[in-house]
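Asker: Sequence and predicted structure, then a few things I'm wondering about:
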Amino acid sequence: MLLLVTFFTFSLVRLLPGDPTETIIPFGTDQQRAQLSKDLGLDKPFLQQYVNYLGVPVLKSEGTSGLLQGELGRKYATNQPVSDLLNQSLPISLQLVIYAQFLALAIAIPLGVLAAYRSGTRTDRAINTTAFAFLAIPNFVLALVLSYFVGARLKWLPTAGYQPGWLDQFFDPDRGSMIFSGWEDNHIRYMILPVITLAVGQIAIYMRLLRSDMIATLQENFITMAKAKGVPNRRILFRHALRPSSLTLLTVAGLNIGTLIGGAIVVEVIFGIPGLGTQIAVAISAREYVELQSYILVLAFLFVMINFVVDFLYIVLDPRIRRARAAA
Amino acid sequence: MTQPASAPTVSTAGPSEPLLQVEDLRTHFETPRGIVRAVDGVSFTLARGKTLGVVGESGSGKTVLSRSIMGLLPKRGTIREGSVRFDGTEITELSPKEMRDFWGARMSMIFQDPMTSLNPVMKIGKQITESIRQHLDVDKKYANELGENLLRSVRIPEPEQRLKEYPHQLSGGMRQRVCIAVALACGPALLFADEPTTALDVTVQAQVLDLMATQQRERFMAIVLITHDLGVVAGRADEIAVMYAGRIVEKAPTSVLFSDMKMPYTEALLSSIPKIEHPSHTRLNTIPGRPPNLVTPPQGCKFAPRCTYVQPRCLEEDPPLMPGTQPGHEYRCWFPVGTPEGAEALARNRADQAVTGGAA
Amino acid sequence: MPAPPPDDIPIPGPEGQRDLDRYAEDSLDSGLAVAQTQLYVSAVEVGGEGRRRGKGLGLGAWLAIGWLTFIVAVSVLAQLGILPLKSPTESFSECARLGPFAKEGTAPGHLLGCDSNGRDMIARMAYGGWSSLVVATGAVLFGLVFGGILGLLAGFFGGKIDAVITSVFNVFLAIPAVVLALALVAFLQGAASSGSGGDNVDPKLLLILAIGIVSVPLLGRITRASALTWSQREFVLAARAQGAKPMRIMVREVLPNVVPAMMSIALLAIAIAIVAEGTLSILGVGVRPPTPSWGNIIGLDRGRIKESPHIVFLPAILIFFTVLSLNFLGDVVRAKLDVRESAV
């Protein structure tokens, strides 16, 4: 899977017309270019280049290092290693996405449960209609609306900029975390608007999803049984019904992280956050294809990892799968 | 054997009052197609430690009856009228919150399908101790011990092991035993068993029924045993109520019902059970047609369209519950089985059928 | 009483196709920018509740149709030059950045004000509507045709063909849609500028291709799931038993049944593509100025949102209502289609 992605992105970059050496040394002589091309291994056949890029031991050309050696390539223009850039930008985006995901689930789960519990009533319809309306607001519109009203007009929160948080510190201890600092330059303060922007669409999705699964679960016999046992409603909803209803939600929440990262690009650009999204946008406009290729690869890697985590959570949530696994 | 938990069943009523007294209970559902009269004026009483068998086809309202008595039906779209007195308390007027002290603790229920009535993602131990901890003021450890004892008393091998397992790891019969254990957890005075054996293998059916009977004796518990199978209630119920189209159409002590049934529907139900003395490959009697539409029930006797005794009067006048010759026997029929009127009606119909049959 | 269900409750397994397919149907919405997932599931459910069954279209649907008709009509008429609009590229410097409610000097004739270059907002939004709609519809058509063909092949033939096509889809789906679209636009721009020696290629076409390619795996998965179920129906087996050629069965028996599902998804897809165009414009790779599109009107002037918010919010409102209408209609159409399917 990941191999396919690497091959796909690699081919895309190599198929690009134009000589990367022109980007690196725009005013170099032909000889300089040939030398550079040799240094970069661009004179090798396509497949050899790919093998070098992957860094397959034995097969790769000598003296080179590829993905397997943790080499993500360098930026053409500045010769900066892409891994350094990632080190700075990835934690920012990850925090953004994690916060948004948690906020979305924290709001969507109670709402979905409530809507299912009161399905068909006015409460349900109100929740549903609101969710439907929120689904139609594009991320960038919401970002602009929030930054205009809450940021520019009310001046409650900053509309641009960033302060490092806990994950930045983890990736690079030199950068102090600004979680516990004063409110003015607190990490959280800068994250509120972007996170809300990202979360709103997800809330609507998750809520509707949970609602429909939950309605199905509430028809089950074991729910009536729990009621006949004298279990309070709240406990029935959250202890008995929520877990069996949450499998689809989990799948979508896991897979939607990709969507969130996509959404994060626009949000980061609009709110001026130097995360991976901004880096990608910059890389594209600067035609830094190797850099872009590495970013895409990292994202695909994350996507695959998340799928593993989702698989694992399935097992936690539904013991029946454990048996199916054991049998298989 | 250690005696499992028993709830403090403090009776507020005198010993003369029956445990359960249902009077003219009606349960109607509002649906887009109209009002469904699922239960339409049912009355009966049940004494402590006794068993009432409720028999009827699918759609006769027997399941709704049990849930309506317990107050388990959703409020929205349901109209419930009439009176249910349980142990001296009028429970139709209680809020769901107040009902929670009855549910599980003083009355409980076993459902038809053990495959779906246990939560698939919750350990069995949790499902048993949940109601114990809800109703009895005990700590977790003691609740677990009670749960283990309960499983042992419903004859589940290795109970301490089972507590840690999930429902899917048990067979259907075992699951129904777990359901019974759950229902018995707090020592209820009344147990509704809604088709408790329908979904089980024949060999397991008898075991489960016997288990219920044993538990009933040990706990002096009343049971409402709901089934479509007269054979299931035959040896086990003290009294049998036959339901049709949301009403009781015949009610009698068990021996009376089988020896002196008055209602053609009961007769038809009985003749649809295969009998051991029949030669093999005997064609089973079936009741022609289907239960009536409960939105627009027919005028007159609800069973008339399918009845072999039917007469013009049956189609016009709805028969009331009439007392039979023996005490406790009631039935709704103008031309009862085993009476001269009935025999005459049947003979007339047979003759007519022969004529029309011959003409066709 | 219903028969007890079988012991083996279908388990949404790790590779559980059921979940993936269900997600595929939804993940169309996980398209660009805003994921509008789950409309499919909830539409089915709303249909199940019988709310929108049979009883005509309802007020909401008519409002949605009205709005879309209005938008399409204005865009098309503007493009044809029939509407008495100002030029979308002509600058009236005296009224630059002035909004509709500007206290002083709202230049007569600019009902909704002007953008930062003094260009008439009404004209820009009308012509911009054309760009946005062309890009969105074009991309969805592209996705429907190619995703449809691939999905149909995969779902109908199964086996190796299915395995290959599905894994190609998966590769594309592993890359966030926005990132993929951005990369494709960049790639296509590079290819176009060096290939034909200049910027002769209409940037709209590049966008159509980029967004279209992104939508191929999303739409393809839905088609695949639908084709898979239809291919196992009795009438298809019957046709096979009669010795009809596979291609013929696929085109004559399966395709007509898959089309309604695709059409109902198309409305949603267009909504997402409109948002996608907007997103790409914000990121600077959308329809190239001075040609307006809803997205690039916002993208160009989002920096001036403090002084003249109308430039950003007017097209944003248009996008919002258009997307809302499309979502709503998509929902209604699917509810209707479900009824028909279940009635068969």
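Answerer: Arrived safely, thanks for sending.
Asker: and the residue of the stretch 101-250 of chain A nearest chain B?
Answerer: A:Gly230 (3.5 Å; Cβ to the nearest Cβ). C-beta coordinates here come from the backbone N, C-alpha and C atoms, glycine included.
Asker: Run a quick check on that residue versus B:Phe102, I expect a contact.
Answerer: Yes. Contact criterion Cβ atoms under 8 Å: A:Gly230 and B:Phe102 qualify, at 7.4 Å.
Asker: could you give me the average pLDDT of the helix or strand where C:Ser132 lies?
Answerer: Using DSSP states H and E, C:Ser132 maps to helix C:121-157. Helix C:121-157 carries an average pLDDT of 89.
Asker: Same question for stretch B:252-265.
Answerer: For stretch B:252-265, the per-residue pLDDT averages 89.
Asker: Check stretch A:262-270 too.
Answerer: For stretch A:262-270, the mean per-residue pLDDT is 86.
Asker: Contacts for that stretch next, please.
Answerer: Contacts to stretch A:262-270, defined as Cβ atoms under 8 Å, 6 or more residues apart in numbering or on different chains, come from residues A:92-93, A:96-97, A:100, A:139-140, A:143-144, A:147, A:194, A:197-198, A:201, A:273-278, A:280-281, C:32-35, C:176-179, C:182, C:279, C:282-283, C:302.
Asker: that older thread, can you tell me how far the residue of the stretch 101-250 of chain A closest to chain B is from B:Gly104?
Answerer: 3 Å (Cβ to Cβ, to the nearest Å).
Asker: And B:Asp210, by the same measure?
Answerer: 24 Å.
Asker: Which one's more surrounded, those two?
Answerer: A direct count of neighbours by other Cβ atoms under 10 Å in any protein chain shown for B:Asp210 and B:Gly104 places B:Gly104 higher, at 27 against 12.
Asker: can you pull the contacts of the more buried one?
Answerer: Counting by Cβ under 8 Å, 6+ apart, B:Gly104 has contacts A:228-231, B:131, B:134-135, B:183, B:185-186, B:188.
Asker: change it to 10 Å
Answerer: Taking Cβ atoms under 10 Å, 6 or more residues apart in numbering or on different chains, we find B:Gly104 in contact with A:225-231, B:7, B:130-132, B:134-135, B:182-183, B:185-186, B:188.
Asker: cool, A:Arg118 as well?
Answerer: By Cβ under 10 Å, 6+ apart, the neighbours of A:Arg118 are A:124-127, B:76.
Asker: Now distance to chain C too, for those, in CSV please.
Answerer: Formatted as CSV, the contacts of A:Arg118 follow (distance: Cβ to the nearest Cβ, whole Å):
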residue, distance to chain C
A:Asp124, 10
A:Arg125, 10
A:Ala126, 15
A:Ile127, 12
B:Arg76, 13
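Asker: among these, which ones are buried?
Answerer: A:124, A:127 (16 or more other Cβ atoms under 10 Å in any protein chain shown).
Asker: Now, the contacts of A:Arg118 that are in helices?
Answerer: The helices, defined by DSSP state H, take in A:124-127 from the contacts of A:Arg118.
Asker: Under the pLDDT cut-off, which ranges of the chain? List them.
Answerer: Answering for chain A, as no chain was given. A:1-2, A:12-29, A:33, A:36-46, A:55-79, A:173-185, A:322-328 (pLDDT under 70).
Asker: wrong chain, I was asking about chain C
Answerer: Applying pLDDT under 70 to chain C flags the ranges C:1-57, C:83-86, C:88-111, C:193-201, C:337-344.
Asker: Strands of that one, residue ranges please.
Answerer: Counting by DSSP state E, one finds no strands in chain C.
Asker: Now it against chain A: closest residue?
Answerer: For chain C, Cβ to the nearest Cβ, closest residue to chain A: C:Val178, 3.3 Å.
Asker: Now do the same contact list for that residue.
Answerer: C:Val178 makes contact with A:139, A:258-259, A:261-266, A:277, A:280-281, C:31-33, C:214, C:276, C:279-280, C:283, according to Cβ under 10 Å, 6+ apart.
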